[in-house]
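K.L.:
give me coordinates for this.
(one chain, ligands or ions: 1)
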Amino acid sequence: MAPRGILLYSGGLDSLLAGRLLMEQGVEVEGIMFVLPFAAPDYRPEESPQAAYARDNGIPLRFFRLGREYMEMVRNPPHGYGKRSNPCIDCKIYFIRKAGELMESEGADFVATGEVVGQRPMSQTKHMMRHIETQSGLKGRLLRPLSARLLPPTIPEREGLVDRERLMGISGRGRFAQMDLARRMGIVEYASPAGGCLFTDVQIARRVRDLLERVPDFDMTDVYLLSLGRHLRVREDLKLIVGRNETENAELEKYGSGADALLVPLFKGPVVFACGGLGDDDIRFIASVAARYGRPSGSGDPLTLFRRGVRQGEVPAGVPAEDGAIRGLMI
Ligand code: SF4
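P.N.:
Sure, this is the predicted structure:
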């Protein structure tokens, strides 16, 4: 029976190459691709270009949507954060641990990644790669085909399931070796290297912290909505999301049944999605925010108010909120 490996597939060139190197020597490879929490609830990863690149290279994929458990890790990552709210080391450990669980349940022999020694300053030093391997509970069964010859032999190499001599010894941040390998393998289509996920974005990082600190019962739609619109923390228990364009307005309306109040202007202007305890003054304030970012013809122009998806009636736009009042609330 052919040896079997679970490939942590990021969608990038390195993990494609790692998979192909193994397949070239007869390993059966199955990819696992993680869907980050900022993906829309109706996002279909199997239709993504990354999934197509895997298919083109003969790598079957399964998808793992990161949920509440992952967010609890983000709340309190044992290895801390990178520059923003990106818990890269614990994120890697989480991914590899999940791939390890799949390895166990599928009866596969090892987990492989596209990691390259020295490619990233924090998580891909030799020391940290060893640490991640230990912490993920995969000691000896985590293979990095692109750098394998620079690392101690893993169990599948020692057992002869994988021929170490046919793996690579790539290190560093350069991309030439990978490009060469891609050319040799005839891989022409792949995603360009990403700079980091949304957790590394300064504004999103603030919103993530705000959510984790103030909304104990958040769900994954709340996490998705962090990537849309302007966010205003009005009070400890009241947050607004203000659409910035038609696409965002449509998304806020789509998930509007989860809002304690959703205001949809009948003039050109933003949809406002509000979560928290809301009195009449709050509704008036929200309407004035919509008026500030919209183009009502006068203070009597209406917005439709929905509470938890149920239409309540109309409220007037009122006088546009002042920029100074809004600026201090932005997160
Ligand atoms: S950049 Fe984002 S996805 Fe990548 S390791 Fe860091 S937290 Fe995880």
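K.L.:
contacts and neighbour counts: CA atoms only from here.
P.N.:
Will do.
K.L.:
would you agree L305 falls within a strand?
P.N.:
Yes. Under DSSP: H, G, I helix; E, B strand; the rest coil, L305 falls within a strand.
K.L.:
count the residues that sit near it.
P.N.:
Look at L305: counted by other C-alpha atoms under 10 Å, it has 21 neighbours.
K.L.:
do the same with E236
P.N.:
Residues lying near E236 (other C-alpha under 10 Å) number 12.
K.L.:
so it sits right up against R214, yeah?
P.N.:
Yes. With contacts defined as C-alpha atoms under 8 Å, E236 counts as touching R214 at a distance of 6.8 Å.
K.L.:
three-state assignment of the nearest residue to L61 once chain neighbours are set aside?
P.N.:
Across the structure, with C-alpha to C-alpha, 6 or more residues apart in numbering as the measure, the residue nearest L61 apart from its sequence neighbours is G31 (4.5 Å). Under three-state DSSP, the three-state class of G31 is strand.
K.L.:
again with M103
P.N.:
When classified by three-state DSSP, M103 comes out as helix.
K.L.:
for it, give me its contacts.
P.N.:
If a contact means C-alpha atoms under 8 Å, 6 or more residues apart in numbering, then M103 has G5, I6, D109, F110, V111 as its contacts.
K.L.:
show me these that map onto strands.
P.N.:
Per DSSP state E, strands hold the following members of the contacts of M103: G5, I6, F110, V111.
K.L.:
next, count neighbours for the last one.
P.N.:
Read it as V111. Using other C-alpha under 10 Å, V111 is surrounded by 27 other residues.
K.L.:
my read: it touches R141, true?
P.N.:
Yes. The pair formed by V111 and R141 meets the contact definition of C-alpha under 8 Å, at 6.2 Å.
K.L.:
contacts only, for the residue in the stretch 1-150 of the chain that the ligand sits nearest to.
P.N.:
Among the residues of the stretch 1-150 of the chain, C88 lies closest to the ligand, at 3.5 Å counting by C-alpha to the nearest ligand atom. With contacts defined as C-alpha under 8 Å, 6+ apart, C88 is in contact with Y81, G82, S123.
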